[in-house]
Every structure is written in C-alpha cells, then in structure tokens.
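[1] what's the 3D shape of this:
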Amino acid sequence: MQAGMRIRTVAVAGVEFGWGSSGKLSAVLSALRARGGRRLRFIGLATGLGRPVLAGQPVERWFDLPDAHLPGTRLPDTRRLPELARIVQAQRVQAALVVLDGGLAKALRACGVPVVFVDSLPFLWTDGDRPELPLDTEVYCAQRCVELPPEGAGVLADAPNLRWVDAVIAEPGTPRSTTPAPAPRRALVSLGGLRAPQLADWASYPQIVLPAALEALTAAGVDEVHIAGNLPAWLAAQLVDSCAHPAVTTVGALPHEDFLHRLADCDVLLTSPGLTTLLEAGRLAVPTLCLPPQNLSQIFNGRFHSQALATDARVTWPKEVFAEDEALALRADGEGKALDLIYGGIARAADLDRRRTTAAVRQGITEKLGRLTGSPGTDWTALTTAVGTAGAAQVADALIGLLTSPGPDG
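    All right, here's what the predicted structure looks like:
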C-alpha cells in the first residue's frame, strides 16, 4: 500500500432474499483483499439474513435499517432514508457495493453515495420490474447468463453504465475429477437462506423437501449428510426425526468459506437451485441435483443448469403444486405475480397434502439421483464454464475504479 493513502469507507449490502447475495459479497470482498493497493474499510447495511455467511469477512460494523418495501410491490423506499443518511454522514461512506437490493441502491444514491450494483438475475426482468431496478447506478454489473430473454435485454438496454461480468463466485480450491463416485457416500443438502419478504411461512418448503431428500439419500446408500441452511434447531430436529436419514446427519448454517470446504468434500450436492450455489458447485465439478424451486429465479436456474449439462438434472414440483410455465408467464406483470403463484402452491401442498407431495418429490429425487451418479461422462463444470468465473475480480475492479474517480473524493 502507498504511504499516506487515506482509508476509504465502503458500505456493502445484499438483498434479504436467500443467501446468494451474501455469497457474492463474500467473493467480491475476498477479491478486494487479494488485490491490495487500496486501504478500504467496510461497513454492512441491513443484510441480517446473510451476516453469518459473511462472518469471515472484514466488515467492521453492521447497521440495521428500518423495514423497506417488499420486492414485487410499488411502495417507495423512503422509510430507510433518514437513518441511512445519518449512517452515511457519520461513517463517511464514499461508495457502496449492493447486490440485488435495488431499493437500497436507490436510497444510497439519494444520499449522495455512488453505487456499484450487482445484478445476478438479469434474465428474470420484464418491464413490470423496471421500478425496482436501479438502472442509473454509477456501475451496473449484470452477471452473464446462459440465455438472456428479449424482455430482460430490453430492460438492461436502459442502464447507461451497464457492465457485463462473469459469475461472481469465490476462488475455488482444487477441483475434483469430473468422474463422480460410483456410489456417493457423503452428501450436502443446501436449502439456501429459506426466507423471502413476501413469504408468509417459509417453513413449508423444508417440510416437504427435506424429508424427501433425506429418504432418497438413505435409499441410495449415503452414510453422511450435512444440511446447510438457516433452519431453526427445533424444525431441523423435527424434520430429521420424522424420516429415514443417513447415519451421520448434521444440520447448521455455514460461513461461506466453510460451506465451500464442505461442498468440495462431498460426493453429491442436492440443492434448491440458487444460482450462486450452482455456479460454486460447477467450479468445483461437484455432481449436483436441483431440488424443486423455491421461487421464480430458481426455475430459470434449474433449467440453465440442465441446459448447460445437456442432461435433466432437476426435480420439478407436481403440477398440483404449480406449473412452471404458468409462473413464467405471470412474470410479465412483475416478479411479484409469479411469486404469489409459487408461494401459494407450496404453502397449500404443505398444509393440505404434504405426505403425497413429499412422496412425489422423493420419487423424483431417487430417479434423477440414480441417473446422475450413473453418468460418468457428465461435465459438472458446464454451467460455470458457460458464464465465466472472473466476476468477483471484475466487480472489485469496478469498485476500485469508482473510488479512484473524482466523484467519491468530492
């Protein structure tokens, strides 16, 4: 570092929707630390769900913010502004890195803070989502995707500072051989953050899917499984005890680095299809089966995963829960309409027909698991290779560039 270089304060934040945004923040923060050359101080805003994932990162202090609007609504994000302005002034924030939280990105800019915004879901957007997106941020980093629908391309065309970046994921350990174990013994089940602002009862998803996954893994001869996610202890114990499960079954949220170590060490991953997890697994060449989707973006993610692999590597919901094509059609009016269908279907299945739905999901997992572990020619890196792996470094460069421009220095 150059002598006399003053410390710059950067605010970081991720959307309160699963753990993908926190994984991306972790990857970018690691890239910034590896680069050196700048003296940066990080403070965190909101991101209450993702703080455990970021436990290993040098975020000096976290600041809670008043509840803002829910994704999918059109309410202004003004409740955060007074407290946010106070924090920005007191902490001398000179730039911000925001993942997916469009409302917070807009509020920060209203407080005079230049923003690097990371959009990992550009394929999801339609004209109905425009009010939620901070298209005019100083740098708008859109993560490359397997396929960009014309609706999304049209929305992003209005971002004047658009910058396409590779997958925003952490640097890997040593990738495994692309040949899967003939009989998997160690498994990782990842259910993500399990929360969404519009979701009234987020327990519905694990109540159906977790017993199905554990029973399928037990039947496949798996001896050891770890269940990653923010399941409370009481619910985890209840669900594990309710079904057949591998002899060694552990549960618990993992900091990002620990999750990556666990991922690299498993024979197979069963995951709700969050994009960051799929990309991280692909970078490590871990055989991966997508569990039924939790939300709209996960429908796309699971399809992209299978498309890149050239094999069907996902389990879908029974049509009685919801039809994916119907959910995709509803997104024309904004993400919220599609989420109402998805969340409503999962909740009804958990309340009214849980046993039958769990059995159908278990059967789907068993069938797909047998096919995937018996396919030694599958290139499990295909999805990650398709979109590139340098995104964390590219976003880090964008932030450094923003800090060295005249604007943040005043």
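[2] just the mean pLDDT for the host helix or strand of residue 306, thanks.
    For residue 306, the element it lies in under DSSP states H and E is helix 296-309. Averaging pLDDT along helix 296-309 yields 94.
[3] that helix: what's the following helix or strand?
    helix 324-330.
[4] how far off centre is the helix or strand just after that following helix?
    Sequence order places helix 335-352 as the next helix or strand after helix 324-330, per DSSP H and E. On the basis of CA atoms, centre = their mean, to the nearest Å, helix 335-352 sits 20 Å off its chain's mean C-alpha point.
[5] which parts of helix 335-352 are buried?
    335-339, 341-343, 345-350 (16 or more other CB atoms under 10 Å). (Glycine included, C-beta is placed from N, CA and C.)
[6] counting by contacts, list what that helix packs against.
    Under the contact criterion of 3 or more CB pairs under 8 Å, 6 or more residues apart in numbering; DSSP states H and E, helix 335-352 touches helix 204-219, helix 296-309, helix 324-330.
[7] okay, buried residues for the first one please.
    Translated: helix 204-219. Quick answer for helix 204-219 (16+ other CB under 10 Å): 204-218.
[8] sorry, back to before: nearest to residue 11, of the buried residues of helix 335-352?
    Relative to residue 11, the closest of the buried residues of helix 335-352 is residue 335; by CB to CB it sits at 25.1 Å.
[9] so that closest one versus residue 283, what's the distance?
    For residue 335, the distance to residue 283 (CB to CB, to the nearest Å) stands at 27 Å.
[10] same thing with residue 48?
    Counting by CB to CB - residue 48 and residue 283 are separated by 28 Å.
[11] do residue 382 as well
    Applying CB to CB to residue 382 and residue 283 gives a distance of 11 Å.
[12] more neighbours: these two, which one.
    Set residue 382 next to residue 283 and count neighbours by other CB atoms under 10 Å: residue 283 wins out with 24 against 19.
[13] how much space separates the more buried one from residue 383?
    From residue 283 to residue 383 the distance is 9 Å (CB to CB).
[14] biggest helix in the chain, by residue count?
    helix 354-373 (DSSP state H).
[15] report the backbone C-alpha coordinates of that one in PDB.
    Once non-C-alpha atoms are left out, helix 354-373 reads as follows in PDB (Å, rounded to 0.1, in the frame of the first residue of the first chain):
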ATOM      1  CA  ARG A 354     -47.800 -32.800   2.500                       C
ATOM      2  CA  ARG A 355     -47.400 -36.600   2.600                       C
ATOM      3  CA  ARG A 356     -48.400 -37.100  -1.000                       C
ATOM      4  CA  THR A 357     -46.300 -34.200  -2.300                       C
ATOM      5  CA  THR A 358     -43.200 -35.400  -0.300                       C
ATOM      6  CA  ALA A 359     -43.600 -38.900  -1.700                       C
ATOM      7  CA  ALA A 360     -43.700 -37.400  -5.300                       C
ATOM      8  CA  VAL A 361     -40.600 -35.300  -4.700                       C
ATOM      9  CA  ARG A 362     -38.800 -38.300  -3.100                       C
ATOM     10  CA  GLN A 363     -39.500 -40.400  -6.100                       C
ATOM     11  CA  GLY A 364     -38.200 -37.700  -8.400                       C
ATOM     12  CA  ILE A 365     -35.000 -37.300  -6.400                       C
ATOM     13  CA  THR A 366     -34.500 -41.100  -6.400                       C
ATOM     14  CA  GLU A 367     -34.900 -41.400 -10.100                       C
ATOM     15  CA  LYS A 368     -32.700 -38.400 -11.000                       C
ATOM     16  CA  LEU A 369     -30.100 -39.300  -8.400                       C
ATOM     17  CA  GLY A 370     -29.700 -42.800  -9.900                       C
ATOM     18  CA  ARG A 371     -29.300 -41.400 -13.400                       C
ATOM     19  CA  LEU A 372     -26.800 -38.700 -12.500                       C
ATOM     20  CA  THR A 373     -24.500 -40.800 -10.400                       C
END
